[in-house]
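> only geometry, no sequence info:
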């Protein structure tokens with residue numbers, strides 16, 4: 001894997017495009033994965049996705065899943081429970097912007113180092129301003 005690429009989970013990598021406390025912009029790539037990502041939300045951040053290639057399925061709150069294709073954009077307001085994954089036969093990519101950036105780049109670098117039950121607990125506590133499990137639906 002490219003030294004500038006980080007792995008976020010099974011089937012998802014990203015590359016930092018720009019990072020400031022005001023905004024983080026990354027290019028994310030999803031390959032096919034049998035496992036859907038965890039539902040989660042960001043208590044203090046908004047996200048915007050611009051799909052470049054492939055197709056991504058997204059779930060927002062209790063809405064039915066919908067498919068995004070190249071050229072589609074998606075805004076995810078803070079506090080919105082969501083998850084997104086590749087549902088197409090080919091890899092998918094999107095430009096992803098998080099505002100404000102807060103410590104999200106640091107969190108991604110933490111995740112890239114591998115996850116164990118102890119590291120998951122550390123992630124949930126250390127980055128609670130950036131990431132929470134989406135236990136509500």
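Arrived safely, thanks for sending. Only a predicted model underlies this, so the values are computations on that prediction, with no experimental measurement involved.
> pull the number of nearby residues for residue 33.
By the measure other C-beta atoms under 10 Å, the count of residues near residue 33 is 14. In this view, the C-beta of every residue, glycine as well, is placed from N, C-alpha and C.
> which stretch of helix or strand covers the residue with the largest distance to the centre of the chain?
Note on the chain: the largest C-alpha distance from the chain mean falls to residue 118, namely 21.0 Å (C-alpha atoms, centre = their mean). In this assignment (DSSP states H and E), residue 118 forms part of helix 117-126.
> what lies in contact with that helix?
With contact meaning C-beta atoms under 8 Å, 6 or more residues apart in numbering, helix 117-126 is reached by 107, 110, 111, 113, 115, 131, 132, 133.
> and those, which of them are in strands?
Among these, the members found in strands (DSSP state E) are 132, 133.
> list only buried entries from the contacts of helix 117-126.
Listed as buried from these are 107, 110, 111, 131, 132; burial here means 16 or more other C-beta atoms under 10 Å.
> closest to residue 46 out of those?
residue 131 (13.8 Å; C-beta to C-beta).
> just checking, that closest one touches residue 39?
No. Under the criterion of C-beta atoms under 8 Å, residue 131 makes no contact with residue 39, lying 11.6 Å away.
> now do the same contact list for residue 60.
Residue 60 neighbours (C-beta under 8 Å, 6+ apart): 76, 80, 81, 82.
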